[in-house]
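K.L.:
Build the 3D model from these lines:
(2 chains)
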Number of protein chains: 2
Amino acid sequence: MPSVLNPPEPPDPVPEGFVGGPAFGAMPIDLDENRFVATMEEQAAIGSAGERALDRVALTEADREVRDWFVEQLEALDLSVRIDEMGNIFGRRAGTDPDAAPVLVGSHLDSQPNGGIYDGALGVVAALELLRTLEDTGVQTTHPIEIVNWTNEEGTRFQPAMLSSGVWAGVHDRDEIYDHTDSEGVRFEDALTGIGYKGDAPAEPAEPYEAYLELHVEQGPYLEANNVQVGVVTGIVGLSWGSVTFTGEADHAGPTPMSGRQDPMVAAADLVTAIRRTPGMLGERTVATSGSISAEPNSINIIPERVTVTWDTRDRDDSVIDEATEHIEREAAAAAEREGVGCEVERRMRSRPTAFAERCVEAVEAAAEDRDYDGMRLQSGAGHDAAHVAQVCDTGMVFAVSEGGKSHSPAEFTTWDDCYASANTLANAALRIAK
Amino acid sequence: MPSVLNPPEPPDPVPEGFVGGPAFGAMPIDLDENRFVATMEEQAAIGSAGERALDRVALTEADREVRDWFVEQLEALDLSVRIDEMGNIFGRRAGTDPDAAPVLVGSHLDSQPNGGIYDGALGVVAALELLRTLEDTGVQTTHPIEIVNWTNEEGTRFQPAMLSSGVWAGVHDRDEIYDHTDSEGVRFEDALTGIGYKGDAPAEPAEPYEAYLELHVEQGPYLEANNVQVGVVTGIVGLSWGSVTFTGEADHAGPTPMSGRQDPMVAAADLVTAIRRTPGMLGERTVATSGSISAEPNSINIIPERVTVTWDTRDRDDSVIDEATEHIEREAAAAAEREGVGCEVERRMRSRPTAFAERCVEAVEAAAEDRDYDGMRLQSGAGHDAAHVAQVCDTGMVFAVSEGGKSHSPAEFTTWDDCYASANTLANAALRIAK
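P.N.:
Below is the predicted model of the structure:
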């Protein structure tokens, strides 16, 4: 992915990585690698859109199929299955201590419309293999272990992303989310009912949870660039999303002299350039993106009347996100003044950085060391259900290598070795907490 | 229209204007101002979309209605009406010399979807009032005078603009244009047949034409800025249209470091800025515009994979258009290299500047002087049917003042006094040639 002109960002100056050493934990387990890979391939066949391509958007027929398959697997393990009002599916294996709080593990089975086969699914399959291995080996845990498939992590058809873990964690209101509609006006609740997965259980933690662990592909290049197998996620960056609409006067591109123009396209271009420059001014790991632009009337021979451009800026430091947002807004105002156009700023979303519980981070790190995997601590640049769940209980994440940093497309790729290493790490980290 | 930051371009350093003096032509006529205004209002009621707003896109029901009205007016004058295979409507009044070639006058009755009531219609109504006045006063001309309404000047529903005068003048191929489709896949020929205006006459000049004169609103600010009533058009600027598609790699806006990005949005922004700068480097009256932009997948949190931006650049000097085009293409390549993205240039259209016949320019100038109107010579910055017709016979144009330079919107405005002055100029210029 890195271009010749833009060499990859160097790893942290003080490396956060570590090298795997001899095992020190008690009673480690190893998942069955062949069955694990077979299960990954099984799920990838549901909603398949070609070689390593998945079209399994939330609340579609393909999502229903993969849910049916998932529930079958849980029932085959005699787990106690529970589906909540948001369609989140839980399966619990009892612990030996009736008073111990459950340890939750899982991720999401929905995909982008033209997504890869690892994003989300890897975390669910790893959790499933953990429970299968416990069953096979007869290992008992003190705490119950619960597997979860969160509804609609991707947010493709219904916005926002991660809405069901958000309702479960009390971040969103259930009834408000029920009324969200897709591009064809279908309500979330109706679509959920339509695939038969609006359950009866309240979408909330019915009791305290001991911890939540999630395995996910990194979707970034850091693990590969640092040549390690497993990512120990310390938290999730915060973000600010917004848009700027510049408004000028539509006019004929021929007879209108340059000097008489108020051209919102030129102001929007200025802002895109300013957004690209923003991270370099603020932080080593700050990112800022203009992903979307639209012009009206968008005709080759008409000076546009209105151009809207979006921003997405992220950092691990909340104050840097504030700075970046204010910087982008100042640049928007300056671009508008230079071109003599109007400028309206809309702040669309703001999430604070999430710091994971140190005991979960350490459990992941210890599990990787114990199983002899090279690993490193890093922040997640993408949002995950874990960000919501962290509002409710101690939370941690494991990252698997994303080759080329690619995701949300069939170019998404993780070797089976790397998938297995991260899954085995998740399993042993969960055991460390549940034991 | 001009902003405080961008004062209007000064008039030509050596003014091309003149001040109206005493009449010197023979037998001038004056159109009936009241009837002229009433006829303008009559046509504006057909396809009306509110106060001074018109929705009369070519080959729609509103276009059919205004054509029916137009043919009625021609028949009321006992003109010999002819409709050709492109739906161009002609009405001829005989001259006294059976061997004299006809003088053609007219413009177009179609409008933009949310256009003004003057663009095109003013030229057709002025030609109609000329023929009515000749009939009222019994004036005979040596040459026949023929009125024309060209089909689909605007090019809104079917591209390109001015396609029917283009076929008539031999610039476009009839059968190729017949197969052009609108955004819903309807063929031009079928839409033309659908409104009952595919005629039998061949879409070509059946005989030599003496001259073509067209009155149109300026659609630019020069007449108003120079405080004159009538524009004597010396020609039409040439233009170059094209698009540049930058292609990078779609990626997640969060975990992808800035240094690993190939972002086509940033390259497109660079190009928009370069296009804005181009005219200042090349010519006093050069214009360059980025009117249209589109990004894929155009999502707030995804680095785009592909961004396409268009250019439109115009000048009176053909070599400047070449220079501007090459400059824009060089800037596109440089922007692509800076960002490490691919770059594909598509040249979409190129038209050379049109110089009108000096005898037509002089006839218009003399007519304005004779009727005591202040006028000035100027180039048209917009394309007109006259550019095509100029391939076939001597051609000239009259411009009416466009207040604020506005067109293609209900903000388009010309006072009735200015409409009348330009119509009277057209009528007398045509008489000077037809006599």
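
K.L.:
Show the pLDDT at A:Arg432.
P.N.:
In this model, A:Arg432 is scored at 97, pLDDT.

K.L.:
which other helices and strands contact the host helix or strand of it?
P.N.:
Using DSSP states H and E, A:Arg432 falls within helix A:416-434. If you count contacts as 3 or more C-beta pairs under 8 Å, 6 or more residues apart in numbering or on different chains; DSSP states H and E, helix A:416-434 packs onto helix A:33-44, strand A:103-107, helix A:121-137, strand A:211-217, strand A:230-236, helix A:358-370, strand A:395-400. Heads up, the C-betas are built off the backbone N, CA and C, glycines and all.

K.L.:
Output the ones you listed in TSV, with mean neighbour count appended to each entry.
P.N.:
Below are the helices and strands packed on helix A:416-434 laid out as TSV (neighbours: other C-beta atoms under 10 Å in any protein chain shown):
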stretch	mean neighbour count
helix A:33-44	17
strand A:103-107	28
helix A:121-137	23
strand A:211-217	30
strand A:230-236	26
helix A:358-370	22
strand A:395-400	29
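
K.L.:
Now tabulate these in CSV and tack on mean pLDDT and distance to A:Ala335.
P.N.:
Converted to CSV, the helices and strands packed on helix A:416-434 look like this (pLDDT from 0 to 100; distance: least, C-beta to C-beta, whole Å):
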stretch, mean pLDDT, distance to A:Ala335
helix A:33-44, 98, 45
strand A:103-107, 98, 41
helix A:121-137, 97, 42
strand A:211-217, 98, 37
strand A:230-236, 98, 31
helix A:358-370, 97, 42
strand A:395-400, 98, 37
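
K.L.:
can you redo the ones you listed as JSON lines with distance to chain B?
P.N.:
As requested, the helices and strands packed on helix A:416-434 are exported to JSON lines (distance: least, C-beta to the nearest C-beta, whole Å):
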{"stretch": "helix A:33-44", "distance to chain B": "20"}
{"stretch": "strand A:103-107", "distance to chain B": "16"}
{"stretch": "helix A:121-137", "distance to chain B": "15"}
{"stretch": "strand A:211-217", "distance to chain B": "10"}
{"stretch": "strand A:230-236", "distance to chain B": "9"}
{"stretch": "helix A:358-370", "distance to chain B": "18"}
{"stretch": "strand A:395-400", "distance to chain B": "9"}
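
K.L.:
Would you mind giving those as TSV with distance to A:Pro264 added?
P.N.:
Formatted as TSV, the helices and strands packed on helix A:416-434 follow (distance: least, C-beta to C-beta, whole Å):
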stretch	distance to A:Pro264
helix A:33-44	45
strand A:103-107	42
helix A:121-137	42
strand A:211-217	39
strand A:230-236	35
helix A:358-370	46
strand A:395-400	41
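
K.L.:
so who does A:Val401 touch?
P.N.:
Counting by C-beta atoms under 8 Å, 6 or more residues apart in numbering or on different chains, A:Val401 makes contact with A:217-218, A:223-224, A:228-229, A:231, A:414-415, A:418, A:422.

K.L.:
pretty sure A:Glu129 is in contact with A:Ile29, am I right?
P.N.:
No - using C-beta atoms under 8 Å, A:Glu129 makes no contact with A:Ile29, being 10.0 Å away.

K.L.:
Identify the contacts common to these two.
P.N.:
Residues touching both A:Glu129 and A:Ile29 (C-beta under 8 Å, 6+ apart): A:Ala427.

K.L.:
What are the phi and psi values at A:Pro202?
P.N.:
Taking degrees, to the nearest 10, you get phi -60, psi 140 for the backbone angles of A:Pro202.

K.L.:
Number of residues surrounding A:Gly242?
P.N.:
For A:Gly242, the count of nearby residues is 20 (other C-beta atoms under 10 Å in any protein chain shown).

K.L.:
actually A:Arg347, not the one I typed
P.N.:
Neighbour count for A:Arg347, taken as other C-beta under 10 Å: 12.

K.L.:
where does it land in three-state SS?
P.N.:
strand (DSSP: H, G, I helix; E, B strand; the rest coil).

K.L.:
do the same with A:Tyr373
P.N.:
Reduced to three states with three-state DSSP, the structure at A:Tyr373 is coil.

K.L.:
contacting residues for it?
P.N.:
A:20, A:228-230, A:421, A:424-425.

K.L.:
out of those residues, which one sits closest to B:Val171?
P.N.:
Among the contacts of A:Tyr373, A:Val228 lies closest to B:Val171 (C-beta to C-beta), at 65.4 Å.

K.L.:
Return the members of the contacts of A:Val401 classed as buried.
P.N.:
Burial by neighbour count, judged by 16 or more other C-beta atoms under 10 Å in any protein chain shown, picks out A:217-218, A:223-224, A:228-229, A:231, A:414, A:418, A:422 from these.

K.L.:
ok, so of these, who is nearest B:Ala94?
P.N.:
A:Val217 (82.1 Å).

K.L.:
The closest one: what's it in contact with?
P.N.:
A:116, A:118-119, A:122, A:399-402, A:407, A:412, A:414.

K.L.:
pLDDT wise, what is A:Glu210 at?
P.N.:
98.

K.L.:
Leaving aside the residues adjacent along the chain, what's closest to it?
P.N.:
A:Ala101 (4.0 Å; C-beta to C-beta, 6 or more residues apart in numbering or on different chains).

K.L.:
How much space separates that neighbour from A:Pro208?
P.N.:
5 Å (C-beta to C-beta, to the nearest Å).

K.L.:
How about A:Thr193?
P.N.:
In this structure, A:Thr193 and A:Pro208 are 30 Å apart, going by C-beta to C-beta.

K.L.:
For these two, indicate the residue with more neighbours.
P.N.:
Neighbour count, other C-beta under 10 Å: between A:Thr193 and A:Pro208, A:Thr193 has more, with 14 against 9.

K.L.:
helix, strand or coil for that one?
P.N.:
At A:Thr193 the chain is in helix, as set by three-state DSSP.

K.L.:
So it versus chain B, what's the distance?
P.N.:
Counting by C-beta to the nearest C-beta, to the nearest Å, the separation of A:Thr193 from chain B is 28 Å.

K.L.:
Quick check: pLDDT value at that residue.
P.N.:
98.

K.L.:
How about the contacts made by it?
P.N.:
Taking C-beta under 8 Å, 6+ apart, one finds nothing in contact with A:Thr193.

K.L.:
which SS class is the residue of chain A most remote from its centre?
P.N.:
Ranked by distance from the centre of chain A (C-alpha atoms, centre = their mean), the top residue is A:Pro255, with 49.6 Å. Three-state call for A:Pro255 (three-state DSSP): coil.

K.L.:
Can you give me the domain assignment for chain A?
P.N.:
As assigned by automatic domain parsing, chain A contains the domains A:17-236+A:353-434, A:238-351.

K.L.:
For the helix of greatest length in chain A, which residues meet the burial criterion?
P.N.:
Ordering each helix of chain A by length in residues (DSSP state H) puts helix A:318-339 first. By neighbour count on 16+ other C-beta under 10 Å, the buried set for helix A:318-339 is A:320-321, A:323-325, A:327-329, A:331-332, A:335-336, A:339.

K.L.:
ok, now stretch A:368-387?
P.N.:
In stretch A:368-387, the ones that count as buried by 16+ other C-beta under 10 Å are A:368-371, A:373-387.

K.L.:
so how many other residues sit close to A:Gly170?
P.N.:
If we define neighbours as other C-beta under 10 Å, then A:Gly170 has 14 of them.
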